[in-house]
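**Student:** Predicted model and sequence below, questions to follow.
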Amino acid sequence: DAGVTQSPTHLIKTRGQQVTLRCSPISGHKSVSWYQQVLGQGPQFIFQYYEKEERGRGNFPDRFSARQFPNYSSELNVNALLLGDSALYLCASSPTGTGTYEQYFGPGTRLTVT
Amino acid sequence: AQKITQTQPGMFVQEKEAVTLDCTYDTSDPSYGLFWYKQPSSGEMIFLIYQGSYDQQNATEGRYSLNFQKARKSANLVISASQLGDSAMYFCAMREFGAGGFKTIFGAGTRLFVKA
């Protein structure tokens, strides 16, 4: 079975631009979470979506938004990019939204903002 | 408030020896889970082991075991018989199930170096 997939693998953007990152969960998983990992730090929670609804949000500005599609894939959008948005963005999928420890991460998208 | 602390930025271990990576946590939720992940230089987070707050026994998965001391709020990872491939970043993480269980917080990580 395929694991969590993310695209693109890498991308470079300029300050002020907008970016969309994509995630496809493991087949049968209905929950997707997004994390931002700045170099040298642990991942920080951005969003969780379950059954196409936002179930949780971390301490990130409104420039960050996400959505989940009927096939449970997800997109993370970041507007008005800042240099500080440069990071590895990780997507994780889970079978359900809560009460489970299972969480499988994708390979990440490395975003560089210049 | 949720908090995970990993006080060892870097650790060295000789190949085939055991190593303990420290993790302390803070939560007021009686129902929570503790995790350890491995992150090689490729960037992917690899799940290693899980311990639930109500689990009576320490979790074990192959060469990994979790030394869970609930009263001290510690969840140290023990890797036995270290291998060169164990060199990576290791993250301790926690999820509070009473708060909806949707958010996992991570510590700052410990970089493990295995010497031949």
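**Tutor:** Structure received.
**Student:** When you work out contacts or count neighbours from here on, use the C-alpha atoms and nothing else.
**Tutor:** Will do.
**Student:** for the record, mean pLDDT for stretch A:49-62?
**Tutor:** Confidence for stretch A:49-62, expressed as mean pLDDT, is 90.
**Student:** quick check, that stretch touching chain B?
**Tutor:** Yes: counting by CA under 8 Å from any CA of the partner chain, chain B has neighbours in stretch A:49-62: A:55-56.
**Student:** residues in contact with that stretch?
**Tutor:** A:30-33, A:44-48, A:67-70, A:72, A:96-97, B:102-103 (CA atoms under 8 Å, 6 or more residues apart in numbering or on different chains).
**Student:** Output it as PDB, nothing but the C-alphas.
**Tutor:** Taking C-alpha atoms only, stretch A:49-62 is exported to PDB below (Å, rounded to 0.1, in the frame of the first residue of the first chain):
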ATOM      1  CA  TYR A  49      -8.900  18.000   9.100                       C
ATOM      2  CA  TYR A  50     -11.300  15.100   9.500                       C
ATOM      3  CA  GLU A  51     -14.100  14.200   7.200                       C
ATOM      4  CA  LYS A  52     -13.500  17.400   5.300                       C
ATOM      5  CA  GLU A  53     -14.000  19.600   8.400                       C
ATOM      6  CA  GLU A  54     -11.300  21.500  10.300                       C
ATOM      7  CA  ARG A  55     -11.000  19.900  13.700                       C
ATOM      8  CA  GLY A  56      -8.000  21.700  15.100                       C
ATOM      9  CA  ARG A  57      -5.800  24.700  14.500                       C
ATOM     10  CA  GLY A  58      -2.400  25.700  15.900                       C
ATOM     11  CA  ASN A  59      -1.000  29.100  16.600                       C
ATOM     12  CA  PHE A  60      -0.500  30.200  13.000                       C
ATOM     13  CA  PRO A  61      -1.700  33.400  11.400                       C
ATOM     14  CA  ASP A  62      -4.700  33.600   9.000                       C
END
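**Student:** Next, the buried residues of that stretch.
**Tutor:** A:49-52, A:54-57 (16 or more other CA atoms under 10 Å in any protein chain shown).
**Student:** Nearest residue to the most centrally placed residue in chain A in space, please, no chain neighbours.
**Tutor:** Residue closest to the average C-alpha location in chain A (CA atoms, centre = their mean): A:Trp34, at 3.1 Å. Distances taken as CA to CA, 6 or more residues apart in numbering or on different chains place A:Cys91 nearest to A:Trp34, at 4.7 Å, with adjacent residues excluded.
**Student:** one step back: looking at the contacts of stretch A:49-62, which are in helices?
**Tutor:** Counting by DSSP state H, no part of those is found in helices.
**Student:** Would you mind listing what in chain B touches chain A?
**Tutor:** B:33, B:42-47, B:50, B:91, B:97, B:100-109.
**Student:** Please name the bridge partners of B:Ile105.
**Tutor:** With DSSP bridges as the criterion, B:Ile105 is bridged to B:Met94.
**Student:** That one: how many residues sit nearby?
**Tutor:** 22 (other CA atoms under 10 Å in any protein chain shown).
**Student:** What about A:Arg22, how many residues nearby?
**Tutor:** Neighbourhood size, A:Arg22 [other CA under 10 Å]: 18.
**Student:** Just the pLDDT at the residue nearest to it when sequence neighbours are not counted, thanks.
**Tutor:** Distances taken as CA to CA, 6+ apart put A:Glu75 closest to A:Arg22, at 4.6 Å, once the chain neighbours are dropped. Listed pLDDT for A:Glu75 reads 98.
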